[in-house]
Structures are given as C-alpha cells and as structure tokens.
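A.B. asks: here is my input, please return the structure:
(chains A and B)
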There are 2 protein chains.
Amino acid sequence: MANLSDVARKAGVSVTTVSRFLNGSLSLPEARAQQIRDAVSELRYVPNPHARRLSRGRSDAIGLVVPDIAGPFFAKLVAAVEEEADRRGLGLVLHATLNRPAREVRYLDSLRMRHLDGMIFVTNRAADAALLDAVRSCRHLVLLDEDVPGADVPKVFCDNEAGGRMAGSHLAAMGHRSVLFVGGASEMISGRRRYRGFEQELQRIADGPVRIERVLGPYTPETGRDAARHYLQMDPRPTAIFASSDDIVIGLIEVLRDALITIPDDVSLIGFDDVGPLHLFAPPITAIRQPVRELGGRALGIVLDTLRNDTGEPAPTEELLPVTLVERASVAPPAGRSNAAVNRRASP
Amino acid sequence: MANLSDVARKAGVSVTTVSRFLNGSLSLPEARAQQIRDAVSELRYVPNPHARRLSRGRSDAIGLVVPDIAGPFFAKLVAAVEEEADRRGLGLVLHATLNRPAREVRYLDSLRMRHLDGMIFVTNRAADAALLDAVRSCRHLVLLDEDVPGADVPKVFCDNEAGGRMAGSHLAAMGHRSVLFVGGASEMISGRRRYRGFEQELQRIADGPVRIERVLGPYTPETGRDAARHYLQMDPRPTAIFASSDDIVIGLIEVLRDALITIPDDVSLIGFDDVGPLHLFAPPITAIRQPVRELGGRALGIVLDTLRNDTGEPAPTEELLPVTLVERASVAPPAGRSNAAVNRRASP
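C.D. replies: Numbering: from 1, shown residues only, chains lettered A, B, ... in the order given. The predicted model follows:
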C-alpha cells in the first residue's frame, strides 16, 4: 500500500511538503499542488495503520454514502445508522450522491482520504467499472441495500426475493392473473430478485396462464407516474400493480387518481418499502415492509465488529434481513372476477 | 486567529509534529496526542487563509448540519442543498445531529477542523449557550430554518409568521373560534412566529371571543399523538387543529383515526410544511407549504456569494422566504355551526 514517501517521490517533493500540503497548512503553486493531488489519487494513498488507529482516537467516525435522501426509505435508513452510531458514541460523515455516478466516486474517494474507521456505501443504480474500482479501493467498507457486483466486501440487503414472493402469492391468492410490475432494472439485485420471487410465486399459485408486464426505472415518483400512464393505455388493463418502492407508489397513485381510477375497485396495488405513511393514504396501501432500522444498525455493527476484532479486512459475506407483508386496503379480488360471478348468477 | 505555531507552542511540540499529527501521517503516544488535541480545541485552531484557499482547490466542499433527517422536511431540505451544490460542482459534507445538543456541537467542531469553504447549520430546538458558542466559532456559517439567537450570521427562514396568519385567517373564515395549536416551543422562532401570526389573524377576523389551547413539543409524530390524546380529553373539544409540521400531522391523524374521529366532519385540520405526501392522505390535508427547495438553494447561495466576493465574514442578515396556503379537504365549517343552523331551521 502506498505511503507518504511514495506520494512524495511520485510528486517530486519532500515528505514534509506532502504532509503539510495534505493537512492544509502549506500553500503551493497550483501546478505543484496538482502534482501532489495526482500522485495521491494515482497511488490511492490512504494514511498508514498507525495513523488510522490514531485517527480513531481522534475522530471515532464512520462514513455513510447514500443516494438521494429526499425519499422516505433512504432518509429513514440514514437516521437508523445515525441513531445506532449515537448509541455507540460514534460520529457519522454523510454524503448524498443523488445517485449520480461521478458523485458516488467523488465521495468515496473523499472519504477514503479522511481518517474514518469504516464506511457504509449505498447505491441505487446498476454499478459500473468505475464504481467497482472506487469501492474496491476503500478499506472497511460494507455494502448496504444494493449490490456492487464483484466487490468482495460484507453486504447487507433485505430479502428482496422473499418480498417478491410475498407480493406474488398475495396477488395470486386474491385471484389476479394479469399484473403490472413496476421496479428497478434487472442489473440491480433489488429489481432482479423482487421480480424473480414475484414471478415464481405468482405462477406457482396461479397454476395456469399468467400475464406479467414490466415497467422498469429508478425507484422514484416519476417512474410511478410513467407506469400509471402506461397502465392507462394498456388494453386489456392488468387487474393489479406491484410497485416496488414507496416513491413509485406515490407517483402511481397521483396519476391514477387524476384518471379517476379507484384502488382497489378498478385495480389492486401492493407496494414495497412501507417506510412512508402509506397507512394514512386513501386507501391505506398494502405493502412489503423493509426492516429499515435493522438494516442500518446491522451494517454499522459489521463495520464495528471488524474493527473491534482488528481482523483487518472483513470477510465477504451477504446477510439478508427478513421483510414482512403488511395487509391494508389496496388489494382486492379483480373486478372481472366478481363480474364473471355476477354473470354466472344472471344466466339461467 | 490561532495558527499552527500557536498550537505547537501550547502543546509543547514542533510545528512539523503538529502538522503531521493533524494529517494523520504521524503516530504519537496517547498523552502527547491528547496535548495536541486539547491545544487545537482550546485555541479553536482553523487552517490559515492560504490553506483555506488551497483547500477550496482541493475539496470544493460545504458543510451541512441538520437535525434528524428521518422526517420529510429535513430530508427534502438536504436534497435541495445537495442538488444546488451538484449544479455548482460542489461537494457537501453532511451531519445529522438527531437534534441532540452534544451532537450539534461535536459536528460543528469537526466541520470547523475540516477544510470547508462554508457551512450551513440547521437546528430544531431552542438554542443554548454551548450551541451559540460553537456557531460563533465557525467561519462562513449560515443559519437555515431555525434561529440561534445571538449569532451574528446570515439567516434564511421561511416566513413563519405569515404562515401562521394564513392558517389563522383560513380557520377563522371557515367559522372556527375554538382551536388547538400544536407546535414548537416559544423559545424557537418557528414556534413563536407561527403562533403569533396564527393568534393575531384568528382574533382579528373572528372579531369576538376566541379560544386557543396550545400543545407544544418537538415537530415529531409523537407530539402529534400526544396532542390528539389531549384533544380527545378536552370538553368542549375545539373545532379545528393547527398542526405546525408534517410529522405532527401524521401523529395526530393516527390517534384521531383510531378514536374514530373523522376529518373534517368532527374536527378540521390544517398542517405546516406540506413536504410529505399530504395530498394522498384520507382526506387530503390542507397545509401551509414551505418553499423547501428555495430555502436550501438560497442558503447555499449566500455561502457562495460571500466566498466569491471574498468579503471575509458575511454580513448578518435575515431573509424570509414566502410560504403558501394549499387548500385541500381537511378544513370545513365547524360541526356545531351547521347543527346550530339545523336547529334554527327546526325551531318554529
């Protein structure tokens, strides 16, 4: 691992110069300053173990990088980690990336340069090579909520596939055979696993032909609005919608309500996350609930365990925390089915 | 202002030792390390102007300290600042204090030690001497959303008093004369100003006896639940409730709904913030909307203006951004009034 002398050698300056430059106590001509910044970044320099131990005594801080925190899920996730950190007397350095690639790498690099005990990283998009590279270069990093394939680090996710199965079996048991799935891209484990579980269980219980249409996109209200517009143009329309985030649920309801589509009479709706106030909506929304507090607390716990045991880099593991189905009033048998029943009764 | 030599002198070590210790490239016995940390904190050492200019070239980062971000208002506020920072190519270092005094001071001090261009600070409690001291010791700091009385720094708030007036006049115009105010402590400008505007306008328009009862507490769902329990025990019950945050609205509705109190038939409800999905609630909630995006963007703008003009410390100013009344379905004339009308019609 590169040390201060390597950086000094590469930048062609003295160790003291690099040292004072990096702690901001020395001003340099921009050209010279740039040489040092380049050397630091090319060598992916991080303080040596002594400095890291020292820094623990000094900062007792963990880094947490999340996507946009405007949505309820990530806001609650950050709060969960912050509360657990507070309980343990630790500080937290937060960065919100707005889920933008350049910002993710920038913040990971900036945290890497700080004297932090460990890092928790949350992305909400399909990872690319640059992100994988940045993640790999961080020490004591734990991935939370979404995967960065190829990163050999501890990972803590909710049991996305089990959540998908719960949604699928709930809709199938209610009699739905034609559904719209609104969720994340297949390159993301959250999207892929939720859909896989959903499709498997829907088909298993339906025990007959099933029609599943998909609208994929970020977990935002806009994706929900797009999906609702798509639903309105479908013919025949599916009898149920599985919206795999709170924000997607919000966007969907906005557009469906304006189109005078009533839930669950015209279409059933089941959500995922259940962090926002879905219980106060009209109607209260049935959803798969993520254990957001446990997710945040567990991720921090893994970081601290590896530090306490001083085992160096934590072993790559994947923990799945259980989700639960919260039944409310947004799922009912398909209208078509009751009509059929009516017709049967009407016929001689 | 203390410089590196002052710190070295006070700690009884060389400048190079302090410099290398502070950038984490030098390990010291804990006793010696503590001497330096004490000197840094006693002298409130911050990097010299050269270092700060240098650090801008290096980090281009602003610090943002907020209370609990689990609630929709602060989550959206952080997102607004982050988006504005991203638009300007700046990074943001976030800290969430959980609104705890010790954590606020700790994070302000930690940001002060970093090489940041400026800071935006948001508290959600009545300030004390320790917080005022910490705020005063920070350079290029802007207060957002809530005041820290005595701090001579730029301040950006929403127009809380105008919002209170809008709520008061709306309820009074609907015929309400007995209301419950649920909001922040009078030591906080948000609580004091919202109530003052509310009371003034309610009395002015009512033009007769008005009964206002108050339940004060943090802007949390728990405060809303407490207020609802209090409401249920009141006799006679007020005909309307002014809940001065989204989270208070959520807690109120939960308890009122369980008690089978219907809005607005049994009691009218008007909220404040309107950042959460109140438009999807049953019924959709009338509320005073805060300009959350403008608040975040303006606070960052003030920090950057003072840096661009290199005017040193920004002049203490107070900007109030306008709020708006968003009418939905949670406010109606008091039940008593229509009953009275019915009785009048019934009588000969």
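A.B. asks: quick one: the helices in the stretch 101-250 of chain A, in order.
C.D. replies: Listed in chain order, the helices of the stretch 101-250 of chain A (DSSP state H, counting those that start in this stretch) span residues A:101-113, A:129-136, A:160-173, A:189-206, A:221-233, A:246-258.
A.B. asks: residue B:302 is nearest to which of these?
C.D. replies: Proximity to residue B:302 (C-beta to C-beta) singles out helix A:101-113 among the helices of the stretch 101-250 of chain A, at 22.9 Å. All C-beta spots, glycine's among them, are computed from the backbone N, C-alpha and C.
A.B. asks: hmm, who's touching that closest one?
C.D. replies: Contacts to helix A:101-113, defined as C-beta atoms under 8 Å, 6 or more residues apart in numbering or on different chains, come from residues A:40-41, A:44-46, A:63, A:65, A:93, A:95, A:97, A:119, A:121, A:123, A:125, A:128, A:130-131, A:134-135, A:137-139, B:59, B:61, B:86, B:91.
A.B. asks: show residues contacting stretch A:78-94.
C.D. replies: Under the contact criterion C-beta under 8 Å, 6+ apart, stretch A:78-94 has outside partners A:59-66, A:69, A:111, A:114, A:116-117, A:120, A:292-297, A:299-301, A:304, B:68-70, B:93-96, B:98, B:100, B:103, B:106-107, B:110.
A.B. asks: give me the number of residues near residue A:32?
C.D. replies: Residue A:32 sits with 14 neighbouring residues when counted by other C-beta atoms under 10 Å in any protein chain shown.
A.B. asks: I'd say it and residue A:38 touch.
C.D. replies: No. Between residue A:32 and residue A:38 there is no contact under C-beta atoms under 8 Å: 10.8 Å.
A.B. asks: what sits in contact with each of the two?
C.D. replies: Taking C-beta under 8 Å, 6+ apart as the contact criterion, the common neighbours of residue A:32 and residue A:38 are residue A:11.
A.B. asks: ok, now how distant is residue A:157 from chain B?
C.D. replies: Using C-beta to the nearest C-beta, to the nearest Å, one obtains 21 Å as the distance from residue A:157 to chain B.
A.B. asks: tell me who's in contact with the nearest residue to that residue once chain neighbours are set aside.
C.D. replies: With C-beta to C-beta, 6 or more residues apart in numbering or on different chains as the measure, residue A:320 is the residue that lies nearest to residue A:157, at 5.7 Å, once sequence neighbours are left out. Shown in contact with residue A:320 (C-beta under 8 Å, 6+ apart): A:157, A:158, A:159, A:160, A:162.
A.B. asks: the helix or strand harbouring residue A:320: how far from the chain's middle?
C.D. replies: Under the criterion DSSP states H and E, the helix or strand holding residue A:320 is strand A:318-321. Average the C-alpha atoms of strand A:318-321, do the same for its chain, and the two points are 14 Å apart (C-alpha atoms, centre = their mean, to the nearest Å).
A.B. asks: that strand: partners in the sheet, and parallel or antiparallel?
C.D. replies: The sheet places strand A:318-321 alongside strand A:155-158 (parallel), with pairing taken from DSSP bridges.
A.B. asks: where does the stretch 51-200 of chain A dip in pLDDT?
C.D. replies: Low-confidence segments of the stretch 51-200 of chain A, defined by pLDDT under 70, span residues A:51-59, A:115.
A.B. asks: 80 instead, please
C.D. replies: With pLDDT under 80 as the threshold, the stretch 51-200 of chain A has low-confidence stretches at A:51-60, A:113-115, A:117.
A.B. asks: now do the helix or strand containing residue A:93 and helix B:101-113, the angle between them.
C.D. replies: Following DSSP H and E, the helix or strand that holds residue A:93 is strand A:91-96. Orientation of strand A:91-96 against helix B:101-113 (axes from the mean of the first three to the mean of the last three C-alpha atoms, to 10 degrees) gives an angle of 70 degrees.
A.B. asks: quick one: average pLDDT of the strand holding residue A:320?
C.D. replies: Mean pLDDT, taken over the full extent of strand A:318-321, equals 97.
A.B. asks: which residue does the stretch 151-300 of chain A have closest to chain B?
C.D. replies: Relative to chain B, the nearest point of the stretch 151-300 of chain A is residue A:282 (3.3 Å; C-beta to the nearest C-beta).
A.B. asks: that residue: neighbour count?
C.D. replies: For residue A:282, which is what you asked about, the neighbour count (other C-beta under 10 Å) is 17.
A.B. asks: please report phi then psi for the nearest residue to it once chain neighbours are set aside.
C.D. replies: Among residues not flanking residue A:282 along the chain, residue B:282 sits closest, at 3.3 Å (C-beta to C-beta, 6+ apart). In this entry, residue B:282 is assigned phi and psi values of phi -110, psi 110 (degrees, to the nearest 10).
A.B. asks: any of the contacts of helix A:101-113 buried? List them.
C.D. replies: By neighbour count, with 16 or more other C-beta atoms under 10 Å in any protein chain shown, these hold A:40, A:44-46, A:63, A:65, A:93, A:95, A:97, A:119, A:121, A:123, A:125, A:131, A:134-135, A:138-139, B:59, B:61, B:86, B:91 as buried.
A.B. asks: so residue A:287, which of the three states?
C.D. replies: Per DSSP: H, G, I helix; E, B strand; the rest coil, the secondary structure class of residue A:287 is strand.
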